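1. Have a look at this prediction, sequence included:
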Amino acid sequence: MNANEVLRVENLVVRYVTRLGEVRAVNNVSFSLKRGETLGLVGESGCGKSTLGLSLMRLLPKNGYIANGKIYLEGEDIVNMDEALLRAIRWKKISMIFQGAMNALNPVFPVGDQVAEVLMLHERVTREEAYEIVRELFLQVGLDPSRIKDYPHQLSGGMKQRVVIAMALALNPSVVIADEPTTALDVTIQAQILDLLSKLKRRYGLSMIYITHDLAVIAEIADRVAVMYAGYLVEVGDVFGVFKKPVHPYTKGLIASVPTIKRAKERRLISLPGAPPNLIFPPPGCPFAPRCPFAKDVCKESVPEPTEIDGHLVRCHFADELKDISPLEAWKVIMEG
Amino acid sequence: MSNGVLLSVRNLRKWFPVRRTFWDVLTRKPKLWVRAVDGISFEIKEKEIFGLAGESGSGKTTTGKLLIRLLDPDEGEIIWRGKVDLATLPHKELRPFRKKLQIIYQDPYGALNPRMSVRELLEEPLKFLEPDLSPEERDERIIKALELVKLTPVEEMIDKYPHQLSGGQRQRVVIARAVIANPEFIVADEPVSMLDVSIRAGILHLLLEMREKLGISFLYITHDLATAAYLTDRIAIMYLGKIVEKGKSESVLEDPMHPYSQALISAIPIPDPEEARRKRRMVLKGEIPSPIMIPKGCRFWPRCPKAFDKCRKEVPKLVEVEPGRFVACHLYSG
């Protein structure tokens, strides 16, 4: 394992047991995260991106389980680790900013207490020392340290999100997973939070997995992008490359569907036909084949293996043929139809 | 005459009272108001898609509800085609307008009764708004509406229930319901914000088509300025119950003049990593104040990087700085 790698995921398979059958939420996912890097994990609702985040924390709900694969956190596989050991590494080595976590702060305790609690549970610090660290953390996330005595209802949404970020950073973890940390916030507040995260990244060399459905946020914050569809990573690559020359037809479609402020009306937006597959009874073959304008017989028969094209890892049988086709060109068929 | 103006809104105001406890009344605490919409004016032309954009709490949804009288305004006028003032029309006389005015909400999951099939969902507004239709005529209209919103094949879709449809298909049912009685004006309140990005354009294109084919005018309410840039002809930016800037969408969004519009637009992430890294972002301090405690003077001054003395004292008027371009800011009022 490369010394520069903080996290390495190999062939991860995650399933949920339901009355109707097993949901194949994450399928043979492999990727790695370098120290100081931000990996943007992008996908639409139900694609498995939050499940992937939760499995990295080993915090899957009761009916979910890791069916296969390895998760190496600083060289140590955590897939088979027992709960006692996990408790020692959660928050300390890997922490998470949960989706909607700002609304999960306990309303009857001051916010400072809730951050201090994380410190006192994991480190041998006294109450006074813990509060000293919390004040320092508040400064770093742009909160007035006098706010530690405030209750959640006295803080605005943006401020609560800063508290949650302080909590995730409290034990100086090697990896932070941020699951849609700005989705419920207004754009001006989202800008403040994105600013804060990139500042923290520059200052402390934070390694982060940023989960979102918003491609524009990925373009702003990520160094590398992983595009997820129906539980598979369909394209992984450097952020500039993926936006400039997306290879997978789904990535091309996503990019061509995002509106821009400038010259908005000069570009016709794409809308992908159909809907993502049911993950209990997924189609055989490539999960994107039913919606793909380039699908051939082979796509309906076998799941493509990841291949390297221009430095991207792409799961597509025709990656090589499609790599030079622009997003708009690729989806022209749909516009005419 | 109306000169192609469908709706002319003048000085519209809606304040909501803050509930007082018995103790507050006894101790004569002053009555407080949420000034949701605080005197706004704009016009919507025939076949126009007019955008109303702003952050949460800016009053945009309240404005939409006022325009079709789902809420009664406290003050102001809503003149329909230069003739009727919808703002003061008694409920009885509003009846004929109910057919002309429709609304599409954000949540296609909550807007449809889960126990009704697509056919029943579309029958309901027709029975109410056009009671004289025969069952055959109704069926014909339902099929036509489903074809219009591209929920095809119709024979397959018509007997489905909401849970059998995807988010995009549900929103198409919602739109079919809104257009089935041939309205002239639709308030579309964040119609795509709950949908996956890759299918949003389909719904936006559908709204454009409704305008072309049926001549419907729209008020498009959104917090997402990028979809507004794609869809709307003109736009107004709201902040704390007031319009701070309005004009042609291209000019307002590509070259904003009001410091708030500038900050709002610079806060939007750009889906291009190279451009995103070149850009210098204007990060606003603080958050929108409560609409109960509105700052004196210009309501944006506590967050404004360009505020000066006058801004703390005087409320800026919305003035025309270029033909068709209005800004409410002392920087431009000379």
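-> Received the coordinates, thanks.
2. Grab the nearest non-local neighbour of residue B:219.
-> residue B:187 (4.8 Å; C-beta to C-beta, 6 or more residues apart in numbering or on different chains). Placement of C-beta: from N, CA and C, glycine included.
3. SS state for residue B:199?
-> Following DSSP: H, G, I helix; E, B strand; the rest coil, the label given to residue B:199 is helix.
4. which residue ranges form the helices in the stretch 201-334 of chain B?
-> Here the stretch 201-334 of chain B has its helices, by DSSP state H, counting those that start in this stretch, at B:225-231, B:249-254, B:259-266, B:273-278, B:309-313.
5. winner for burial among those helices?
-> Of the helices of the stretch 201-334 of chain B, the one with the most neighbours on average (mean count of other C-beta atoms under 10 Å in any protein chain shown) is helix B:225-231, at a mean of 25.
6. list the helices and strands it packs on?
-> strand B:49-53, helix B:197-214, strand B:217-222, helix B:249-254 (3 or more C-beta pairs under 8 Å, 6 or more residues apart in numbering or on different chains; DSSP states H and E).
7. What mean pLDDT does it get?
-> Taken as a whole, helix B:225-231 has a mean pLDDT of 95.
8. what are the bridge partners for the residue nearest to the spatial centre of chain B, then?
-> Nearest residue to the geometric centre of chain B (C-alpha atoms, centre = their mean): residue B:221, 2.7 Å. Per DSSP bridges, the residues bridged to residue B:221 are residue B:52, residue B:189.
9. quick one on the thing from earlier: got the helices and strands packed on helix B:225-231 as a markdown table, with mean pLDDT columns?
-> Shown next, in a markdown table, are the helices and strands packed on helix B:225-231 (pLDDT from 0 to 100):
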| stretch | mean pLDDT |
| --- | --- |
| strand B:49-53 | 98 |
| helix B:197-214 | 94 |
| strand B:217-222 | 97 |
| helix B:249-254 | 96 |
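10. Buried residues in stretch A:89-104, which are they?
-> Neighbour-count burial for stretch A:89-104 flags A:89-99, A:101-102 (criterion: 16 or more other C-beta atoms under 10 Å in any protein chain shown).
11. again but with stretch B:137-145, I slipped
-> B:138-139, B:141-142, B:145.
12. Out of those, the closest to residue B:42 would be?
-> Relative to residue B:42, the closest of those is residue B:145; by C-beta to C-beta it sits at 29.9 Å.
13. Go ahead and confirm that closest one touches residue B:122.
-> Yes - with contacts counted by C-beta atoms under 8 Å, residue B:145 reaches residue B:122, the gap being 6.1 Å.
14. picking up where we left off before, out of the buried residues of stretch B:137-145, which is nearest to chain A?
-> residue B:145 (19.9 Å; C-beta to the nearest C-beta).
15. residue contacts, that closest one?
-> Each residue near residue B:145 by C-beta atoms under 8 Å, 6 or more residues apart in numbering or on different chains is listed here: B:122, B:176, B:179-180.
16. Assign it to helix, strand or coil.
-> Note that with three-state DSSP, the state of residue B:145 is helix.
17. For it, give me the pLDDT.
-> 95.
18. swap in residue A:335?
-> pLDDT recorded at residue A:335 is 63.
19. which stretches of the stretch 201-337 of chain A have low pLDDT?
-> The model of the stretch 201-337 of chain A has pLDDT under 70 over residues A:334-337.
20. Give me the contact list for the helix or strand hosting residue B:128.
-> Residue B:128 belongs to helix B:118-129 when elements are defined using DSSP states H and E. Under the criterion C-beta under 8 Å, 6+ apart, residues B:98-99, B:112-113, B:116, B:133, B:138, B:141-142, B:145-146, B:151, B:157-162, B:165, B:173, B:176-177, B:180-181 lie in contact with helix B:118-129.
21. Does stretch B:207-214 reach chain A?
-> No - judged by C-beta under 8 Å from any C-beta of the partner chain, stretch B:207-214 makes no contact with chain A; its nearest approach is 10.5 Å.
22. chain center to that stretch, what's the gap?
-> Here stretch B:207-214 is found 17 Å from its chain centre; the criterion is C-alpha atoms, centre = their mean, to the nearest Å.
23. Kindly report the same for stretch A:270-289.
-> For stretch A:270-289, the distance to the chain centre is 21 Å (C-alpha atoms, centre = their mean).
24. Next, see if it gets close to chain B.
-> Yes - against chain B, stretch A:270-289 shows contacts by C-beta under 8 Å from any C-beta at A:270-272, A:275.
25. got it, and stretch A:293-301?
-> No - Stretch A:293-301 does not reach chain B (C-beta under 8 Å from any C-beta); its nearest approach is 13.5 Å.
26. Just the buried positions in that stretch, please.
-> A:294-295, A:299.
27. Narrow the residues you listed to those in helices?
-> residue A:299 (DSSP state H).
28. The helices of the stretch 201-334 of chain B into a markdown table, with extra columns for distance to residue A:177?
-> Shown next, in a markdown table, are these (distance: least, C-beta to C-beta, whole Å):
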| stretch | distance to residue A:177 |
| --- | --- |
| helix B:225-231 | 27 |
| helix B:249-254 | 34 |
| helix B:259-266 | 28 |
| helix B:273-278 | 21 |
| helix B:309-313 | 43 |
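29. of all those, which lies closest to residue A:231?
-> Nearest to residue A:231 among the helices of the stretch 201-334 of chain B is helix B:273-278; the distance by C-beta to C-beta comes to 25.8 Å.
30. Local confidence estimate at residue B:25?
-> What the model reports as pLDDT for residue B:25 is 86.
31. Got phi/psi on it?
-> phi -70, psi -40 (degrees, to the nearest 10).
32. Quick check, pLDDT for residue 130.
-> Assuming you mean chain A. Looking at residue A:130, the pLDDT reads 94.
33. Please refer instead to chain B.
-> Looking at residue B:130, its pLDDT reads 91.
34. Tell me who's in contact with it.
-> B:99, B:181.
35. what do you get if the cut-off is 10 Å, keeping everything else the same?
-> With contact set as C-beta atoms under 10 Å, 6 or more residues apart in numbering or on different chains, residue B:130 has these partners: B:99, B:137-138, B:141, B:180-182.
36. Now stretch A:73-85: buried residues?
-> For stretch A:73-85, by 16+ other C-beta under 10 Å, it's A:73-74, A:78, A:81.
37. So residue B:187: helix, strand or coil?
-> Going by three-state DSSP: residue B:187 is strand.
38. Let me know whether it touches residue B:62 as I believe.
-> No - contact criterion C-beta atoms under 10 Å: residue B:187 and residue B:62 do not qualify, at 11.3 Å.
39. Between those two, which contacts overlap?
-> Counting by C-beta under 10 Å, 6+ apart, the residues touching both residue B:187 and residue B:62 are B:70, B:221.
40. ok, residues contacting the helix or strand of chain B with the lowest mean pLDDT?
-> In chain B, no helix or strand scores lower on mean pLDDT, DSSP states H and E than helix B:22-26, which sits at a mean of 87. With C-beta under 10 Å, 6+ apart as the test, helix B:22-26 has contacts from B:18, B:20, B:29-32.
41. tilt between the next helix or strand after it and strand B:185-189?
-> Later in the chain than helix B:22-26, the nearest helix or strand by DSSP H and E is strand B:33-45. For strand B:33-45 against strand B:185-189, the angle by axes from the mean of the first three to the mean of the last three C-alpha atoms, to 10 degrees is 130 degrees.
42. related to what we said a few turns ago, how near is the residue nearest to the centre of chain B to chain A?
-> 15 Å (C-beta to the nearest C-beta, to the nearest Å).
43. Provide a list of residues in contact with that residue.
-> Contacts of residue B:221 by C-beta under 10 Å, 6+ apart are B:50-54, B:60-65, B:103-104, B:106, B:187-191, B:193, B:228, B:238.
44. same question, residue A:36
-> A:4, A:6, A:201-202, A:204-208, A:223.
45. What does the pLDDT read for it?
-> According to the model, residue A:36 scores 94 on pLDDT.
46. Domain ranges for chain A, per the record?
-> Using automatic domain parsing, the domain ranges for chain A come out as A:5-222, A:243-336.
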